[in-house]
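Asks: need coordinates for the below:
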Amino acid sequence: MAKKDENFLDKLKRSLHIINKNKRLFIILIVSTIIMVLLTTLITYKYSLSAITHQQEVFDYINSINTTNPTQSLGEDPLEIYRHIQGVKTALITMSILLGIAFFIFSGINWGITKLMTKKKDFKEYLKAFSATFIAYAVPFSIFFYLTFKLAFRTAAGEISIPGINALSWIFLLIILYFFYISLALTTNTKLSDIPKKTLKNALNFKITAPVFLSTIFLVSLFSYSIFLFAEGNFILLLMLIFLQLTTLSFSKVLFAVSFD
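Replies: You can find the predicted model right below:
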């Protein structure tokens, strides 16, 4: 739990102290984070590839239509394009559901480990708070991704064109994520009934949130860029950079739990 009059360096030191006292739990947290990243990456790769394949079939079919023949304005088999569009939708919906389940399970485990590291009491309250918080945020996330996919399909089909929609979508997503991570951190030290009020309070306290979020984003971005640079270089160095990035993500959970109350 955060202490009054602590600055960012104090929170950083206390986070490192907690990790030093709970080395085994922190190692388990890193391993769980690695498993989560591997699993979500496999799910994303498998179903994204399926969606892209169906999408390409749609484009190939459209390009194959003989526009000079009015009797075949929809091609030889109009149902084929419908089947592939349904294939894209099915792949994306399945991917979203599986990713949601994976994030729910592993986020619950990871924040639960963080809870044990920072405050071992009231674990039942944590389970209740985490489940309710995750489900509550699943609603805006679901609406966001549904509208994003729908707009993407209509834009690709040439039905609509909204300038700046991608930028607005990213801004909206970042705002949801901002509140989401603060709420998840609060599940480790706050009763469920107090989480909405404390989420808003912490979200507006930029003196606390700014250094915590910016330091995490900076380190994750730095390692991501380094991974991109060395993707085809030294394999051992690449693995080390990936491990450091995942360790940073694990450490950020402890820092968040310490920073927000």
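Asks: any idea how far Phe235 is from Val31?
Replies: 21 Å (C-beta to C-beta, to the nearest Å). All C-beta spots, glycine's among them, are computed from the backbone N, C-alpha and C.
Asks: and Phe123, by the same measure?
Replies: Distance, Phe123 to Phe235, by C-beta to C-beta: 40 Å.
Asks: which of those two has more neighbours?
Replies: Neighbour count, other C-beta atoms under 10 Å: between Phe123 and Phe235, Phe123 has more, with 13 against 10.
Asks: excluding chain neighbours, give the residue nearest to the more buried one in space.
Replies: With C-beta to C-beta, 6 or more residues apart in numbering as the criterion, Phe123 has its nearest non-adjacent residue at 6.7 Å, and that residue is Lys115.
Asks: and the average pLDDT for stretch 8-17 is what?
Replies: Averaged over stretch 8-17, pLDDT sits at 92.
Asks: tell me the buried residues in that stretch?
Replies: 8, 11-12, 14-15 (16 or more other C-beta atoms under 10 Å).
Asks: which of the residues you listed fall in helices?
Replies: Mapping these onto helices (DSSP state H) picks out 8, 11-12, 14-15.
Asks: which secondary structure elements does the helix or strand of the chain with the lowest mean pLDDT contact?
Replies: Least confident helix or strand, the chain: helix 123-156 with a mean of 84, by mean pLDDT, DSSP states H and E. Judged by 3 or more C-beta pairs under 8 Å, 6 or more residues apart in numbering; DSSP states H and E, helix 123-156 is in contact with helix 78-118, helix 165-186.
Asks: output these as JSON lines; include the columns distance to Ser142.
Replies: What follows is these, written out as JSON lines (distance: least, C-beta to C-beta, whole Å):
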{"stretch": "helix 78-118", "distance to Ser142": "8"}
{"stretch": "helix 165-186", "distance to Ser142": "11"}
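Asks: columns mean neighbour count and mean pLDDT on top of the ones you listed, output as CSV?
Replies: As requested, the helices and strands packed on helix 123-156 are arranged in CSV below (neighbours: other C-beta atoms under 10 Å; pLDDT from 0 to 100):
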stretch, mean neighbour count, mean pLDDT
helix 78-118, 17, 89
helix 165-186, 16, 87
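Asks: quick one on the thing from earlier: now the least confident helix or strand of the chain against helix 165-186, angle please.
Replies: 180 degrees (axes from the mean of the first three to the mean of the last three C-alpha atoms, to 10 degrees).
Asks: how about helix 123-156: buried residues?
Replies: Those would be 126, 129-130, 133-134, 137, 141, 145, 149, 151, for helix 123-156 by 16+ other C-beta under 10 Å.
Asks: for the spatially closest residue to Ala231 that is not a sequence neighbour, give me its contacts.
Replies: Of all residues not flanking Ala231 in the chain, Leu238 sits nearest, at 6.7 Å (C-beta to C-beta, 6+ apart). Counting by C-beta atoms under 8 Å, 6 or more residues apart in numbering, Leu238 touches 227, 230-231.
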